[in-house]
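Colleague: dropping a prediction and its sequence here:
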Amino acid sequence: MTTLASGTDTLTRDALTVLQPGFTGTTAPDWLLRRLGEGLASVGLFGRNIASPDQLAALTAQLRAERDDVLVAIDEEGGDVTRLEVRNGSSFPGNRALGAVDDVELTQQVAHELGRRLAACGVNLNWAPSADVNSDPRNPVIGVRSFGADTALAARHTAAYVTGLQSAGVAACTKHFPGHGDTAIDSHHALPRIDVSAEVLAERELAPFRAAIAAGTRAVMSAHILVPALDPDHPATLSRRILTGLLRGELGYDGLIVTDGMEMRAIAGTYGIERGSVLAVAAGADAICVGGGLSDDATVLRLRDALVGAVRSGELPEARLAEAADRVRSLARWTGTAGPSAEEGHGSAIGLRAARRALTVTPAPGLGSPEAFEPLTEPPYVAALAPVANIAVGDETPWGVAAELIHLLPGTVTGSFSAGDGTQSESGRDAGRAALQAAGPRRIVAVVRDEHRHPWMADALDTLLAARPDTIVVEMGVPQAAPRGALHIATHGAARVCGRAAAEVIAGAVGR
């Protein structure tokens, strides 16, 4: 039964209710349990909180013993962004791979199975899917997290994902409104700006969100981006024009609005998290996500007190805070009644089947069809040309094809190479030469991630292919650069199952 400290006044409870903090550790700390008793209604989980499905289930049970209607949120997109499988890589391909297949039924099945696993562990709110149209191929933070650059494709798959996830009893949180795809800056580090007309935004960026709303998405996450055509002064998370005027008014959305992480530099570095949180709620946000980097009781109390103080000073209408808290509680009630459908799960194999279908295999000119490629029978050398991971993905999740090739071709050796301190071309050539030396006589499999965004990576490939034209190239990011190599395999994402699917082609072990 839900318990609230009797000494906690309504205003303070409402201020706690709109917060979605994180914490450190794999069990709930005492301070978090205490705040749940005082009115905190949501908790955000990250990779640092998860060791195994059983441990996660025990953790969520611990939270519900204190408050039975708590919203337990997670950033589990599948693909490159995984928290459930942060240490091994995801069993599900991400959005770009699903968009490459372009089978909405498959997308719905994958989302349902992912939601079923979350629900089994006690998670009832997923900060997914990404509805961003990846219209700028230079985008450093969205990329394969998007279904693609085609608006209609992104819209139909966003709707399918929402339907599949919520059919498992897990609320979808469609992000990043009004669309983070046309940016070349990561909002974890600075404030991106989208300079296109309102007409382009309406036709391109907003279409997937309209589809998500029509599909019944229970939550929408705001983006920390400046869109002058909509509001020249405030980023979307702090913009009443965008959250209340556009999302609520024009699009008719009445569910929960969640902010992206307030500790991200786009907000924290400009407004500070306390001021930013007050402005976000005033603009129309209902839940403040703060937990990716700030995860302690002091932060929760600072934000609670900032919201209470803003109401008492007249800066934040008390009715707006109460409305926000009511929306949080409304979603909590939905999760308590929206159990999984009678439909059975699609099983763990659905992710690998989807990853296999997503592959684009291109042979070298003159080789003919992919079937003409002679699979490797000897263990190769896998050269991973590794870029710096963006914060959303994190650097703790393994990626590539080496781990899977080791199973199929025992004796496979691997090494990781990155840009050094010299010029990009020098760094790239150095990385390529180092990979050649390390490989020795072995056949080389070069693994890249967004070659088109990293000139050093392209230079490294030039060096490898000039010396060893039989090199196989596996692109695990957005396949924007022209295919090259004896065989080019585009996986459309770096999930573990994407690596498995590529390794099967290389070793001729499809379906083994």
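Modeller: In hand now; what should we look at?
Colleague: where do the helices sit along the stretch 401-512 of the chain?
Modeller: Using DSSP state H, counting those that start in this stretch, the helices of the stretch 401-512 of the chain run over residues 402-408, 424-439, 455-467, 496-507.
Colleague: and the worst-scoring helix or strand of the chain on mean pLDDT, how far from the chain's centre?
Modeller: When each helix and strand of the chain is scored by mean pLDDT, DSSP states H and E, helix 265-268 comes last, with a mean of 81. In this view, helix 265-268 has its centroid 19 Å away from the chain centroid, taken as Cα atoms, centre = their mean, to the nearest Å.
Colleague: cool, stretch 66-83 as well?
Modeller: Mean-position distance between stretch 66-83 and its chain equals 12 Å (Cα atoms, centre = their mean).
Colleague: just the CA trace of it, in PDB.
Modeller: Output of stretch 66-83 as PDB, limited to C-alpha atoms (Å, rounded to 0.1, in the frame of the first residue of the first chain):
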ATOM      1  CA  GLU A  66       8.100   1.400   0.200                       C
ATOM      2  CA  ARG A  67       5.700   2.800  -2.400                       C
ATOM      3  CA  ASP A  68       3.700   0.300  -4.400                       C
ATOM      4  CA  ASP A  69       2.800   2.700  -7.300                       C
ATOM      5  CA  VAL A  70       6.300   3.900  -7.900                       C
ATOM      6  CA  LEU A  71       7.300   4.600 -11.500                       C
ATOM      7  CA  VAL A  72      10.500   2.800 -12.300                       C
ATOM      8  CA  ALA A  73      12.100   4.300 -15.400                       C
ATOM      9  CA  ILE A  74      14.900   3.100 -17.500                       C
ATOM     10  CA  ASP A  75      16.700   4.300 -20.700                       C
ATOM     11  CA  GLU A  76      16.500   1.000 -22.600                       C
ATOM     12  CA  GLU A  77      16.300   1.600 -26.300                       C
ATOM     13  CA  GLY A  78      17.900  -1.700 -27.300                       C
ATOM     14  CA  GLY A  79      20.600  -1.500 -29.900                       C
ATOM     15  CA  ASP A  80      23.500   0.800 -28.900                       C
ATOM     16  CA  VAL A  81      21.700   2.200 -25.800                       C
ATOM     17  CA  THR A  82      21.100  -0.600 -23.400                       C
ATOM     18  CA  ARG A  83      21.000  -0.700 -19.600                       C
END
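Colleague: now for the helix or strand encompassing Pro208, which elements pack on it?
Modeller: Assigned by DSSP states H and E, Pro208 falls within helix 207-214. With contacts taken as 3 or more Cβ pairs under 8 Å, 6 or more residues apart in numbering; DSSP states H and E, helix 207-214 sits against helix 151-166, strand 171-177, strand 219-222. No exception for glycine: its C-beta is placed from N, CA and C like everyone else's.
Colleague: what's the shortest one in contact with?
Modeller: For strand 219-222, contacts defined as Cβ atoms under 8 Å, 6 or more residues apart in numbering pick out 125, 127, 171-177, 209, 212-213, 236-237, 242-243, 247, 253, 255-260, 280, 285, 287, 289, 331.
Colleague: one more time with 7 Å, if that's ok
Modeller: Identification of contacts with strand 219-222 by Cβ atoms under 7 Å, 6 or more residues apart in numbering yields 125, 127, 171-177, 209, 236-237, 243, 247, 253, 255-260, 285, 331.
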